[in-house]
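Student: only geometry, no sequence info:
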Ligand SMILES: Cc1cc2nc3c(=O)[nH]c(=O)nc-3n(C[C@H](O)[C@H](O)[C@H](O)COP(=O)(O)OP(=O)(O)OC[C@H]3O[C@@H](n4cnc5c(N)ncnc54)[C@H](O)[C@@H]3O)c2cc1C
Ligand code: FES
C-alpha cells in the first residue's frame, strides 16, 4: 500500500498528491511515469512523475479529474489514505543535456509533466524559455514553479484573462520567427496542441520532442493498448516512449485511438456517479 502524504487542490478538478513510494522516488527521472490502481476493483491509470523527494520517499503527481478513476481519486482518496498499487518508474526518461537554448511548451494539465523536464534542463545548464497555456485564469496552476525554472516565461490564456490571449502556438511561432537560436523544443499537452506545435517547429527545422498520452493498460509493452505510429513504425508509448520525435508522430491516428473507449468511459463515470448519488454525467 502507498500512503498519500499530502493532497492539495491546484485548480478546479486539478489536484496535486504526494504519495509515499520510496523505491520510485529513489530512481525516477524526468519524463517517466507510474501506473497506479486505487483499489482491488480499480483500473490502471498512468500518471507522470512530477517530482520526487528521495529523503521522504514522496512522489508528486498532478491529476486532472476527467473520468471515473481520476474523479474517484479526487473524491475518496485523501491525505493519510493508501493507494493499492503504484508501479514505476516506467517509460524512458527524457534525454537531458546542455544544448544551449531550449523551449518548453505546456498546455493545460500538460504543464505538470513538462515542469520536471524544464527543471532538469535548467539544472543541466540550458537557457530555458517556457510557454504555458491555460483555458482561463481560474485554471492556472504551477505558474510560480515554472517561472522559477525558466529564464523567460510566456503565459497564454485562451480568453485573455491572464497573460497573452490565444494559444501557446502563438508565442512559439513568434520566437522561432524572430530568428532566435533554439536547439530543441519539448511540448506536452492535448494531442492537437502537440500536433500544431510540431507543425510549426517543422517549418523552422527545430527538433521537437512530444510526450504521448495514448491509452495505456499494463504499461509494460505487453497489451498493445498504447500503440502509436512513429515514422510509419508501430511503437508502444509505455516502453519505447512516452517521448518521441514530434515530426514523426501520426497524431491523427493517436487522436482516433484516444477516442476508442469513449462510450465505455462515459458508462463507467455514469455508474460511479450514480453509486455516489450524484446522478449521470450527461
Ligand atoms: C504516460 C502518461 C502520462 C500521463 N500523465 C498524466 C498526468 O500527469 N496527469 C493527468 O491528469 N493525466 C495524465 N495522463 C492521462 C491519465 O492517465 C488519464 O486522464 C486517466 O487514465 C483517465 O482515467 P479516468 O478513468 O479518470 O477517465 P476515463 O473516463 O477512463 O478517460 C478519460 C480520458 O482519459 C484518457 N484515458 C483513459 N484511460 C486511459 C489510460 N489507461 N491511459 C491513458 N489515457 C487514458 C482517454 O483519452 C479518455 O478519453 C497520462 C497518460 C499517459 C499515457
Ligand atoms: S500499455 Fe500495454 S503495451 Fe503499452
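Tutor: Alright, I've got the coordinates. Please read all numbers here as calculations on a predicted model, not as lab measurements. Ligands and ions are numbered 1, 2, ... in the order given.
Student: could you use CA atoms for every contact and neighbour count after this?
Tutor: Noted.
Student: residue 86 is in contact with residue 33, isn't it?
Tutor: No: the pair residue 86 / residue 33 is not scored as a contact, 10.2 Å apart, by CA atoms under 8 Å.
Student: neighbour count: these two, which is higher?
Tutor: More neighbours surround residue 33 than the other of residue 86 and residue 33, with 26 against 20 (other CA atoms under 10 Å).
Student: what sits against that one?
Tutor: Shown in contact with residue 33 (CA atoms under 8 Å, 6 or more residues apart in numbering): 46-49, 88-91.
Student: pull out the buried positions in the helix or strand of the chain with the lowest mean pLDDT.
Tutor: Each helix and strand of the chain was given a mean pLDDT (mean pLDDT, DSSP states H and E); the minimum falls on helix 262-275 at a mean of 79. Judged by neighbour count (16 or more other CA atoms under 10 Å), helix 262-275 contains these buried residues: 265-273.
Student: close to ligand 1: what parts of the stretch 51-200 of the chain are there?
Tutor: Within reach of ligand 1 by CA under 6 Å from any ligand atom, the stretch 51-200 of the chain has these residues: 62-71, 113.
Student: mind picking the two most distant members of those?
Tutor: 68 and 113 (21.1 Å; CA to CA).
Student: who has more neighbours out of the two?
Tutor: Between residue 68 and residue 113, counted using other CA under 10 Å, the more crowded position is residue 113 (26 against 20).
Student: break this structure into its domains for me.
Tutor: With domains defined by automatic domain parsing, the chain comprises 2-90, 101-211.
Student: if we can go back for a sec, now do the least confident helix or strand of the chain: distance to the chain's middle.
Tutor: Here helix 262-275 shows a centroid-to-chain-centroid distance of 23 Å under the convention CA atoms, centre = their mean, to the nearest Å.
Student: list the helices and strands that helix packs on?
Tutor: On a contact count with 3 or more CA pairs under 8 Å, 6 or more residues apart in numbering; DSSP states H and E, helix 262-275 meets helix 68-76.
Student: close to ligand 1, is the least confident helix or strand of the chain?
Tutor: Yes: using CA under 6 Å from any ligand atom, helix 262-275 reaches ligand 1 at 262, 265.
Student: and that helix with helix 68-76, angle?
Tutor: Interaxial angle of helix 262-275 relative to helix 68-76 (axes from the mean of the first three to the mean of the last three CA atoms, to 10 degrees): 20 degrees.
Student: tell me the pLDDT of residue 223.
Tutor: At residue 223, the pLDDT value in this model is 88.
Student: thinking again about what came up before, for the contacts of residue 33, which one is nearest residue 77?
Tutor: residue 47 (15.6 Å).
Student: pretty sure residue 219 sits against residue 88.
Tutor: No: if you go by CA under 8 Å, residue 219 and residue 88 don't touch, sitting 9.2 Å apart.
Student: neighbour-wise, which of the two wins?
Tutor: Neighbour count, other CA under 10 Å: between residue 219 and residue 88, residue 219 has more, with 25 against 20.
Student: how much space between the more buried one and ligand 2?
Tutor: 4 Å (CA to the nearest ligand atom, to the nearest Å).
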